[in-house]
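Asks: The amino acid sequence is not available; the structure is as follows:
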């Protein structure tokens, strides 16, 4: 399963959220699960329970510092498939090369 998510504090005195996002990404990277961070989302790959536990921990880290947090989540649930984090991109690249 792939889960792309974005977690960010809401409100506050500044529109800069880089430090808070970094704290959430740190949780993802320390999980040991395959992951990739882009400008808008962090994608994590693994089994349902382990991926959702990482998303929850990343959200909880922000809730320790901020009274309100926004979470956006998108999942691709495809049992029996692994390394979809890279395979899906490779498929698109093959089509682009044609």
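Replies: It's in. Model, not experiment: these values are computed from the prediction.

Asks: what helices or strands is the helix or strand of the chain with the lowest mean pLDDT leaning on?
Replies: None of the helices or strands of the chain scores lower by mean pLDDT, DSSP states H and E than helix 84-97, at a mean of 93. Using 3 or more CB pairs under 8 Å, 6 or more residues apart in numbering; DSSP states H and E, the elements in contact with helix 84-97 are strand 2-9, strand 42-45. No exception for glycine: its C-beta is placed from N, CA and C like everyone else's.

Asks: Can you tell me what sits against it?
Replies: By CB atoms under 8 Å, 6 or more residues apart in numbering, the list of residues contacting helix 84-97 from outside reads 2, 34-36, 43, 45, 76, 78, 81.

Asks: and the top helix by length along the chain with strand 2-9, angle?
Replies: Using DSSP state H to define each element, the chain has its longest helix at helix 48-63. Put simply, helix 48-63 runs at 10 degrees to strand 2-9, going by axes from the mean of the first three to the mean of the last three CA atoms, to 10 degrees.

Asks: next structured bit after helix 48-63?
Replies: strand 69-76 (DSSP states H and E).

Asks: buried ones in that following strand?
Replies: residue 69 (16 or more other CB atoms under 10 Å).

Asks: coming back round to it: now do the least confident helix or strand of the chain against strand 2-9, angle only.
Replies: 110 degrees.

Asks: Below-threshold pLDDT in the protein: ranges please.
Replies: Along the chain, segments meeting pLDDT under 70 span 12, 14.

Asks: Closest to the centroid, which residue in it?
Replies: residue 42 (3.0 Å; CA atoms, centre = their mean).

Asks: got a list of what it touches?
Replies: By CB under 8 Å, 6+ apart, the contact set of residue 42 is 4-6, 24-25, 28, 35-36, 58.

Asks: again, 7 Å this time
Replies: Going by CB atoms under 7 Å, 6 or more residues apart in numbering, residue 42 touches 5, 25, 28, 35.

Asks: ok, now residue 44?
Replies: Residue 44 sits in contact with 3, 28, 33, 35, 51, 54, where contact means CB under 7 Å, 6+ apart.

Asks: which one of those is nearest residue 13?
Replies: Nearest to residue 13 among the contacts of residue 44 is residue 28, at 26.1 Å by CB to CB.
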